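> Please find the sequence and the predicted model below.
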Amino acid sequence: MQAGYQYASGAVHDVRGRIRLVLCMMFAVVSVGIVQGAAADKPQIYQDPPSEPALLGDVNRDGRVDGTDVLVLKMSITKQFAQGYLDYNSMPTNSLEFKIANCYKDEATPVIDGNDALLIKQFIAHKANAMDKGIGEPVYPDPTEPPTQAPTDDLRPESSTSAIPLMFTPR
């Protein structure tokens, strides 16, 4: 015999089956909410737009040198490019991004490696050997690099007067 209530018509109302159904539906709603919330909470790696001026060691360009920069640099060094991290070692050595990440400033063979991340860590911990390396100081683009210019094919008028005809006479 099934557990539940029996109506006068002879139909049996299965309470346990209904409870299971309700619990499954609640679980599905909560699971979908968690998945959607996780997608919305995906962290942003790099600041957009980047803070100006660029600081040496501020790899994610949020305007301060902190532990996040160490994490971003380590993820880049371990080649987590599929997750959105930049490949600094494939960039030209005179690019601004490379200059920001190259804290160790190994001139002979400029490469972004664990020494750069270690130096940022030491700077955060206020170690004496990292304080005089220029971390946190502004980094400027190389003047020999061609400057990036805004597109010239925009439709703005040359003069400061409006190109739109007035529909009424101003008083």
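Alright, I've got the coordinates. Numbers count the residues shown, from 1 in each chain.

> in terms of contact, does residue 69 touch residue 58 like I think?
Yes. Applying C-beta atoms under 8 Å, one finds residue 69 in contact with residue 58, separated by 5.9 Å. The way it works is simple: take the backbone N, C-alpha and C, and place the C-beta from them, glycine included.

> Next, count neighbours for residue 74.
Using other C-beta atoms under 10 Å, residue 74 is surrounded by 18 other residues.

> Am I right that residue 99 falls within a helix?
Yes. Under DSSP: H, G, I helix; E, B strand; the rest coil, residue 99 falls within a helix.

> On the pLDDT front, check it for me.
As predicted, residue 99 sits at a pLDDT of 91.

> now swap in the one 5 residues further on and tell me
As summarised for this prediction, residue 104 has a pLDDT of 90.

> for the one 3 residues further on, same thing?
On the pLDDT scale, residue 107 is placed at 77.

> Helix or strand for it, just tell me which one.
Residue 107 is part of no helix or strand, with elements assigned from DSSP states H and E.

> Could you do residue 129 as well?
helix 128-131.

> Which strands or helices does that helix pack on?
Under the contact criterion of 3 or more C-beta pairs under 8 Å, 6 or more residues apart in numbering; DSSP states H and E, helix 128-131 touches helix 114-124.

> and the helix it packs on, what does it pack onto?
Using 3+ C-beta pairs under 8 Å, 6+ apart, helix 114-124 sits against helix 67-77, helix 128-131.
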